[in-house]
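**Student:** structure for this input, please:
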Amino acid sequence: MSKIINKKIPKKFIVILIMLFYFGQSFVSIVNGDSLSLKNIFQYDNEKLMLSFESDAYTLYAPTYSEITYLIDMEGNITHNWNSNYIQGLAVYLLQDGKLIRNCLPGVNPRFIGGGITGRIEKHDWYGDLVWEFEYFTEDNCLHHDYEVLPNGNILMIAWEYKSGEEAVAAGRDPDKLNLDQLWPDHVIEIEPIEPVGGNIVWEWHVWDHLIQDYDSSKDNYGVVGNHPELIDINYIGGVYVGRDWLHTNSIDYNEEFDQIILSAHNFNEIWVIDHSTTTEEAAGHSGGNSGKGGDILYRWGNPQAYRAGDESDKQLFDQHDATWIEPGFPGEGNILVFNNGKNRPDIDYSSVDEIVPPVDSFGNYYLEEGSAYGPDEPIWVYIAENPIDFYSPIISGAQRLPDGNTLICDGDSGFFFEVTPEKEIVWEYINPYPNQVFNHVFKVNRYQSDYKGLEILINAPLKPNKPDGPNKGRKGIEYTYISSTIDPQGDQIYYLFDWGDGTDSGLIGPINSSEEVQASHIWSKIGNYNIKVKAIDINDFESLWSDSLSVSIPRTKQSSSKDILLGWLNEYFLNSFKMFRNFLNFITLGKK
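**Tutor:** Numbers count the residues shown, from 1 in each chain. Here you go, the predicted model:
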């Protein structure tokens, strides 16, 4: 029985662990002087952007070592942010309903400790409230790296599963290729979320069901590796290090047209396509689904030696990340875009963004000539820096094709985002300054156009109102008046709601013209400290964020005198008309602040 890990771990300890994984890989770049300047930069060339709407777009990202997710505009301004209780926000996406979905690390898992570890996925509404959380974080299974939200709202998630050394050897693993007598093969689960907590696993696919080996004929999965490109060689090691995290699958994407999934198998230096139209039972076998091949690999590319169809010289991917299909309607639609990190290239290490045209027909079938490797022979488009070594991220990173044909690139190791045209000209760039300019890694970024439905609140809602202005100290039983204002981006009239911090509110006040001041009064009946705040709702029901709070103290006082009553009456009838009088009245009532 899997045991859920609930022990609370200090955040500083988690940060240190993650830094140990990432910093070791990036340290060489820093000491060689390859890292970008630590100075935060922003550059935007409006004239070079190909379509006018591209200047009205937003970029979403989460720094690895931060609990905050940021949405920035094309000028680098933070237009919105969300706070979590956890760091390691790798993949973050803005959903059509305006909710943020984010993965993160809820603690320290006693078994799974590796790069890209998460274990938790959560949703926050536009206003920052946590509306759903799901953890897959046990001694036997643990989420990592990436996930994909399906059109029906279900979520595909990548996870490790624990296999003992005994189980691995029985499956045909060479004992000399075991680390700490265990193996962590990957699997994919599809979760149907149940708000506010948890979800049902409605589909799953396991690498463990699609293995082959030619090491030991007395063990399971024995066969001729070269004759089965649809299977995964349990003894293939893509690098010099033999780790428990044998595959290190680091991205997942979904193709709705074909009902297929693409995975980036980092340690194999390959991308894999599998069938999602299967049942879970079919996904564990070799028949069924639209492909008729069950859960076997339908297509693989990047390193044919992994299935004995080539050698080291045929390798085209090097520790890649973020393999995605280009969206329908975008230039290159249906092609595959991948961030090719370029670690251990045969000449020098440098990164590239590669676009390939997979050999697929209109039914989702992939062509493979018998005895050969899957095509294409080379990418159709590649971005590299003019001086290749100027663009190198050995870890994380990603790329996204934009509607105008430009490509947004995330150099994750440096926290550097930039946009290039099809002619490879840089037209926009930004360096993430959070949480600081040294540890500013970012797993990937996503760009959203202003007409994206998930941005409706940002585009249409009133801006966050000004902090309520008025007395911050008063007396029980006396009425005090507060003002605020805000602007509606569309110029719509606005209603306001004041929260008095005592369990009551003002009720909706309005409608009031955009930018005009609103006034509301309140009497506190009990002594105490109260935080008052205000929000705005326009006539189309678009709602702002709450304003910053004003702390108001109502201390214990003597019984109200006739002077207090008089001052309260003056506050009621004159305060709203004469700001100078209001300030004077506050001064004589409360004493100099």
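
**Student:** ok, now which ones touch residue 553?
**Tutor:** Contact analysis of residue 553 by C-beta atoms under 8 Å, 6 or more residues apart in numbering lists 472-474, 529-530. Using the backbone N, CA and C atoms, a C-beta is placed for each residue, glycine as well.

**Student:** quick check: bridge partners of it?
**Tutor:** Residue 553 has these beta-bridge partners by DSSP bridges: residue 473, residue 529.

**Student:** in the chain, which segments are predicted with low confidence?
**Tutor:** Low-confidence segments of the chain, defined by pLDDT under 70: 1-55, 557-593.

**Student:** repeat the analysis, applying 80 as the threshold.
**Tutor:** 1-55, 239-241, 557-593 (pLDDT under 80).

**Student:** A strand includes residue 176, no?
**Tutor:** No. Remark: residue 176 does not belong to a strand; assigned using DSSP: H, G, I helix; E, B strand; the rest coil, it is helix.

**Student:** how about residue 350: what's its closest non-neighbour residue?
**Tutor:** residue 388 (3.7 Å; C-beta to C-beta, 6 or more residues apart in numbering).

**Student:** so how far is residue 340 from the one you found?
**Tutor:** 12 Å (C-beta to C-beta, to the nearest Å).

**Student:** one step back: so the residue nearest to residue 350 touches residue 348, yeah?
**Tutor:** Yes. Taking contacts as C-beta atoms under 8 Å, residue 388 lies within contact range of residue 348: 6.8 Å.

**Student:** mutual contacts of the two, please.
**Tutor:** With C-beta under 8 Å, 6+ apart, residue 388 and residue 348 have no common neighbours.

**Student:** more neighbours: the two, which one.
**Tutor:** More crowded of residue 388 and residue 348, by other C-beta atoms under 10 Å: residue 388, with 16 against 9.

**Student:** how about the more buried one, what does it touch?
**Tutor:** 348, 350, 352.

**Student:** which one of the contacts of residue 553 sits in the busiest neighbourhood?
**Tutor:** residue 474 (24 neighbours).

**Student:** any idea how far it is from residue 533?
**Tutor:** In terms of C-beta to C-beta, residue 474 sits 17 Å off from residue 533.

**Student:** ok, now residue 486?
**Tutor:** Distance from residue 486 to residue 533, by C-beta to C-beta: 12 Å.

**Student:** just residue 341 next, same as before
**Tutor:** 46 Å.

**Student:** those two: who's more crowded?
**Tutor:** Ranked by neighbour count (other C-beta under 10 Å), residue 341 and residue 533 place residue 341 first, with 28 against 20.

**Student:** for the more buried one, which non-adjacent residue is closest in space?
**Tutor:** In this structure, residue 341 finds its nearest non-sequential neighbour in residue 319, 4.3 Å apart by C-beta to C-beta, 6+ apart.

**Student:** and residue 360, how many residues sit next to it?
**Tutor:** 18.

**Student:** surely it touches residue 366?
**Tutor:** Yes. If you go by C-beta under 8 Å, residue 360 and residue 366 touch, sitting 5.2 Å apart.

**Student:** what is in contact with these two at once?
**Tutor:** residue 299.

**Student:** distance-wise, check the residue nearest the centre of the chain relative to residue 268.
**Tutor:** Centroid-nearest residue in the chain: residue 92, 1.3 Å away (criterion: C-alpha atoms, centre = their mean). Look at residue 92 and residue 268: by C-beta to C-beta, they are 26 Å apart.

**Student:** contacting residues for residue 161?
**Tutor:** 140-141, 184-187, 206, 208.

**Student:** for stretch 222-242, buried residues please.
**Tutor:** 225, 228-236, 238 (16 or more other C-beta atoms under 10 Å).

**Student:** how many neighbouring residues does residue 519 have?
**Tutor:** Counted with other C-beta under 10 Å, residue 519 comes out at 18.

**Student:** er, residue 140 I mean
**Tutor:** Neighbour tally, residue 140, other C-beta under 10 Å: 15.

**Student:** how about the helices of the stretch 51-200 of the chain, start to end?
**Tutor:** 165-170 (DSSP state H, counting those that start in this stretch).

**Student:** likewise for the stretch 351-500 of the chain?
**Tutor:** For the stretch 351-500 of the chain, the helices defined by DSSP H, counting those that start in this stretch cover 456-460.

**Student:** quick one, domains of this protein?
**Tutor:** With domains defined by automatic domain parsing, the chain comprises 11-230+245-458, 462-560.

**Student:** ok, residue 217 - contacts?
**Tutor:** Contacts of residue 217 (C-beta under 8 Å, 6+ apart): none.
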